[in-house]
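*Asks:* return atomic coordinates for the entry below.
(3 chains)
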Amino acid sequence: MEFINEIKRDVLSSVLKTGRRADNRGRYDYRKIVIQPEILQNAEGSALAAIGKSQVMAGVKFDVAAPFPDRPTEGVLSTSADLLPLASDLFEAGPPGDDAIELARVVDRGIRSSGTIDLNSFYLEEGKVLALYLDIYVLDHDGNLIDASALAAMSALLSTRMPKVEDGKIIRGEYAGKLQLKEKVVSCTFGKIGEQTFLDPSLDEEKGMDCRLTLSTTSTHLCAAQKGGWGSFSERDIMELLDISFEKGKELRAMLK
Amino acid sequence: MNGEVAKAPELYKDGRRLDGRALDELRPIKIEARVLNDADGSAYIEWGKNKILAGVYGPSECIPRHDQSLYRSVIRCRYNMAPFSGLEEHGKGGPSRRSKELSKVIKEAFENVIISENFPKTQIEIFVEVLQSDGGTRCAALTAAAVALADAGIPMKDLICAVAVGKIAGHMAVDPSKEEDNFGESDMPIAFSLRTGEILLFQMDGLLTKEELAKGFSLARAAAEKIHKIQVDAIKKVYTEPKEERLLLIK
Amino acid sequence: MTHSRIVIPGELLSDRAEQIPYAFVEKGKTYSTVVGLFSEGKLVPLEGPYEPLEGDIVVGVISEVKFSGYSVEINSPYIAFLSSREIRERYSMGDAILARISMVDEVKNIELSDAKKLPQGRLVKSSSVKIPRIIGKKNSMISLLQSATGCEIYAGRNGYIWISGKGDQSLAERAIRIIEVQAHTQGLTDRIAAFLKSHSKG
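*Replies:* Predicted coordinates:
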């Protein structure tokens, strides 16, 4: 509904100029965040993260797989996302569309390039490695699914138990300690309308905004980024938002146990 | 099971089942209504180790239009299993033949009770997501979906519920667990409208005598009474203990 | 609200056949079709879609400009139609209007009349079953909301609420959300008054 978005843009822009947002938040405030780790027993790792009214679950499963030919000693990390039809009337049942694929890839990049998972530790024997399947399951959509998904994914990984492996097979229901992680990766997503930027866009804000910027960080480095939407950011915008991301990242990391 | 035949455990011994239950005993059931924000109605059920989420949308404009009826709302249902829901390997994407069949029989059960004539040209969509499976997911899914439909304010002639009965080690037993289903001799999911006594979903596999079938019905009906009470309590709790925010709390 | 009880779909309301809205009769007995409050032979649904009725005053949003009039979204699966002959003003897509439902036919074609464009503001999507409580007895709740927030508030029978004016629109919206959740409880007007007082600026 193109026209509604145009109207939303005008309203949002005038509201932002007051320094307060429609839900009374400050420009760089998150909505209330609730993280529940270890909620499932069949999955090796799981978590549910809510940012405001957005709720995202992440599940981790392990299988034995063949390594990629060019990386014979490395395990496999495979991330996918489902925008479930029960989460929003904007989502339809069926194979993942562009938005779901982008969501999964942005979360995957943060985790992968941070090196938080040592994929070499997934090596079993010649031609056999462990594959970690990270599934992002969007249950309720009120905007900023990327940050909610990143939190759910990181929390699920932090709770992940390594499967017990014997003779190249996984013994289901038995475990061999926790998955070792080097970093807690978090992402901060900003919206932009006109010249104004703001953190953690709600669905209403997403409908009216020009573009978004996601910055995934470790405690020391930027490890993934994604710009979305038709609008643009300046170099200065990005530098400033990175500072905010590091600052907010501390708060987010403190919520991940 | 990697091709090996798993050894059947002793399913019934000294009047107790594997998990310590009696033959007429349900696993623990908990239902929470209204856990999602965007869906018009929602419910979360924990039934044994099953964890299932149901969401309902509608009545809304029926799309595509050629599916529309001038006389009633079109009811749709999608039963789906999360790829991480099982203890075994990672699930493959896309609907399986099994999930398509279950979607169909659940939908048909609700077509009996939803007063769809009130909303011509529309659709009512029921989505159930199995987040963790432990045997008996279709019954738990239907039971949760009924609560989600009531939560959405969809007019219905009854709040329906479902439960399975199985035959384990020669005995009829209510609500088989995953292990009892795997190693038992028969499985029979049933959905009831308790108000009328009618059976709205009925499936069965295995071998049963006529006497065993009758015993199964009476076990299922007694269990359904208990399940229905849990559904009603979940719906009333939305109003007796109202919450400012909707959040799915799992544990 | 005395002696009212929460009923659920399929629950027995009466051993006799009675004509009660949102109930149905089977074999001489009357049952509820919805989750609702039942008292003294009256059933008030607690949730549910908006069912358009002739005479309802609704808040709608222009969703399409046509040659002969406008398509109007009214919080219903059915799009309403407002004929150009019914109005003097002209509307653009996205404009919010207040209008009266003049006709509903068997297949839910809906026509509007007596339309008026609403001033700039924000739309709060509530539910038609909550509107009586948001308006309150003799307009008590909506008057309270308007005076405490300084906004103009239009509550359509269809569940759409339009908030406009220079007042604190955000506060008005938050108060409406509280009313929605607690709509069936007693002493609500006092609680809302206290909320508005403690959150008002200055």
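*Asks:* let me see the contact set for B:Lys30.
*Replies:* Applying CB atoms under 8 Å, 6 or more residues apart in numbering or on different chains, we find B:Lys30 in contact with B:Ile45, B:Glu46, B:Trp47, B:Ile230. (Each C-beta comes from the backbone N, C-alpha and C, glycine too.)
*Asks:* and the furthest pair within those?
*Replies:* Maximum pairwise distance in the contacts of B:Lys30, criterion CB to CB, is 10.7 Å, between B:Glu46 and B:Ile230.
*Asks:* looking at those two, which is more packed in?
*Replies:* Just comparing B:Glu46 and B:Ile230: by other CB atoms under 10 Å in any protein chain shown the higher neighbour count belongs to B:Glu46, 21 against 18.
*Asks:* quick check: that one vs B:Ile250, distance?
*Replies:* Shown here: B:Glu46 relative to B:Ile250, a distance of 8 Å by CB to CB, to the nearest Å.
*Asks:* cool, C:Ala183 as well?
*Replies:* Using CB to CB, we find C:Ala183 at a distance of 28 Å from B:Ile250.
*Asks:* hmm, B:Gly15 is touching B:Ala22, no?
*Replies:* Yes. In this structure, B:Gly15 is within contact of B:Ala22 by CB atoms under 8 Å, at 6.9 Å.
*Asks:* burial measure for C:Ile20, as a count.
*Replies:* Using other CB under 10 Å, C:Ile20 has 17 other residues around it.
*Asks:* actually B:Pro28, sorry about that
*Replies:* For B:Pro28, the neighbour count with other CB under 10 Å is 10.
*Asks:* ok, it - contacts?
*Replies:* B:Glu46, B:Trp47, B:Gly48.
*Asks:* which element is B:Ala191 on?
*Replies:* Using DSSP states H and E, the element containing B:Ala191 is strand B:186-193.
*Asks:* which elements pack onto that strand?
*Replies:* Contacts defined by 3 or more CB pairs under 8 Å, 6 or more residues apart in numbering or on different chains; DSSP states H and E place strand B:186-193 against helix B:97-113, helix B:137-151, strand B:161-168, strand B:198-202, strand B:205-206, helix B:210-240.
*Asks:* so C:Glu152 bridges to which residues?
*Replies:* C:Ser164 (DSSP bridges).
*Asks:* do you know how far it is from chain B?
*Replies:* From C:Glu152 across to chain B, the span is 26 Å (CB to the nearest CB, to the nearest Å).
*Asks:* where's the one residue in chain B that gets nearest to chain C, which helix or strand?
*Replies:* Residue nearest to chain C within chain B (CB to the nearest CB): B:Gly153, separated by 2.7 Å. Assigned by DSSP H and E, B:Gly153 belongs to no helix or strand.
*Asks:* assign the nearest residue to A:Ile238 once chain neighbours are set aside to helix, strand or coil.
*Replies:* Leaving out its chain neighbours, the residue that sits closest to A:Ile238 by CB to CB, 6 or more residues apart in numbering or on different chains is A:Leu213, at 6.8 Å. For A:Leu213, the assignment made with DSSP: H, G, I helix; E, B strand; the rest coil gives strand.
*Asks:* would you agree A:Leu213 is in contact with A:Phe233?
*Replies:* Yes. Applying CB under 8 Å as the test, A:Leu213 and A:Phe233 come out as touching, 5.7 Å apart.
*Asks:* of those two, who's got more company?
*Replies:* A:Leu213 (22 against 19).
*Asks:* over to residue 79: give its phi and psi.
*Replies:* Chain wasn't specified; assuming chain A. Main-chain dihedrals, A:Thr79, degrees, to the nearest 10: phi -110, psi 130.
*Asks:* chain C, not that one
*Replies:* phi -80, psi 130.
*Asks:* strands of the chain, start to end?
*Replies:* In the absence of a named chain, this looks at chain A. With strands called from DSSP state E, chain A shows them at A:33-37, A:45-51, A:54-65, A:76-83, A:123-125, A:128-140, A:161-166, A:169-178, A:186-193, A:196-199, A:211-217, A:222-229.
*Asks:* oops, I was thinking of chain C
*Replies:* Under DSSP E, chain C gives strands at C:5-7, C:12-14, C:23-26, C:29-32, C:36-39, C:42-45, C:57-65, C:69-73, C:80-83, C:96-104, C:110-117, C:121-125, C:152-155, C:160-164.
*Asks:* still on that earlier bit, most neighbours per residue, which of the helices and strands packed on strand B:186-193?
*Replies:* Mean neighbours per residue, mean count of other CB atoms under 10 Å in any protein chain shown, is largest over the helices and strands packed on strand B:186-193 for helix B:137-151, with a mean of 29.
*Asks:* now that helix - C-alpha only, PDB.
*Replies:* What follows is helix B:137-151, C-alpha atoms only, in PDB (Å, rounded to 0.1, in the frame of the first residue of the first chain):
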ATOM      1  CA  THR B 137       1.300 -33.300  17.700                       C
ATOM      2  CA  ARG B 138      -1.900 -33.300  15.600                       C
ATOM      3  CA  CYS B 139      -4.100 -33.500  18.600                       C
ATOM      4  CA  ALA B 140      -2.200 -30.900  20.500                       C
ATOM      5  CA  ALA B 141      -2.100 -28.700  17.500                       C
ATOM      6  CA  LEU B 142      -5.900 -28.900  17.000                       C
ATOM      7  CA  THR B 143      -6.500 -28.300  20.700                       C
ATOM      8  CA  ALA B 144      -4.300 -25.200  20.600                       C
ATOM      9  CA  ALA B 145      -5.900 -24.000  17.300                       C
ATOM     10  CA  ALA B 146      -9.300 -24.200  18.900                       C
ATOM     11  CA  VAL B 147      -8.200 -21.800  21.600                       C
ATOM     12  CA  ALA B 148      -6.600 -19.500  19.100                       C
ATOM     13  CA  LEU B 149      -9.800 -19.400  17.100                       C
ATOM     14  CA  ALA B 150     -11.800 -18.500  20.200                       C
ATOM     15  CA  ASP B 151      -9.200 -15.900  21.100                       C
END
